[in-house]
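[1] Any chance you could fold what I've pasted below:
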Amino acid sequence: MRLSTWLALRCREEQFQQFLRVPDEHTATRVVRALCDVESRAEVDTNPVAQKRCHDLIRKPYLAYTERSITHV
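    Below is the predicted model of the structure:
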C-alpha cells in the first residue's frame, strides 16, 4: 500500500483524528500535509524527506498510540 493511501485512509478514521487532536477529516489532512511539509499527500510517495517525516512524526507515533489504546481498554 502506498504511503499516501495509508494516510488518506487514516485521515478518515476517528481514532486517527483523536490522535492528531483534530475535529474532522479535513483538518487531519491539513495537519498531515503540514507535518510532512508537502502540498498534497501524494507527494509523500515520491519525496524521501517527506517519507521520513511521515514515518517519524506520524506513522510510528500513531502505531504506538494505537497499541497503548488497546492495552488500556
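
[2] From residue 47, how far off is residue 1?
    The gap separating residue 1 from residue 47 is 17 Å, by Cβ to Cβ, to the nearest Å. For every residue, glycine as well, the C-beta is placed using N, CA and C.

[3] more crowded one of those two?
    Comparing residue 1 with residue 47 by other Cβ atoms under 10 Å, the one with more neighbours is residue 47, at 16 against 6.

[4] tell me the contacts of that one?
    Counting by Cβ atoms under 8 Å, 6 or more residues apart in numbering, residue 47 makes contact with residue 38.

[5] May I have the phi/psi pair for it?
    Backbone dihedrals for residue 47, given as degrees, to the nearest 10, come out at phi -110, psi 110.

[6] again, but for residue 46
    According to degrees, to the nearest 10, residue 46 has phi -120, psi -10.

[7] Against residue 52, how distant is it?
    Taken as Cβ to Cβ, the span from residue 46 to residue 52 is 13 Å.

[8] Give me the packing partners of the helix or strand hosting residue 50, helices and strands only.
    Assessed by DSSP states H and E, residue 50 sits inside helix 48-54. Applying 3 or more Cβ pairs under 8 Å, 6 or more residues apart in numbering; DSSP states H and E, we find helix 48-54 packed against helix 3-12, helix 25-36.

[9] buried set for it?
    50-51, 53-54 (16 or more other Cβ atoms under 10 Å).

[10] what would those look like in TSV with distance to residue 40 and pLDDT?
    Output for the buried residues of helix 48-54, formatted as TSV (distance: Cβ to Cβ, whole Å; pLDDT from 0 to 100):
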residue	distance to residue 40	pLDDT
50	10	98
51	14	98
53	14	98
54	13	98
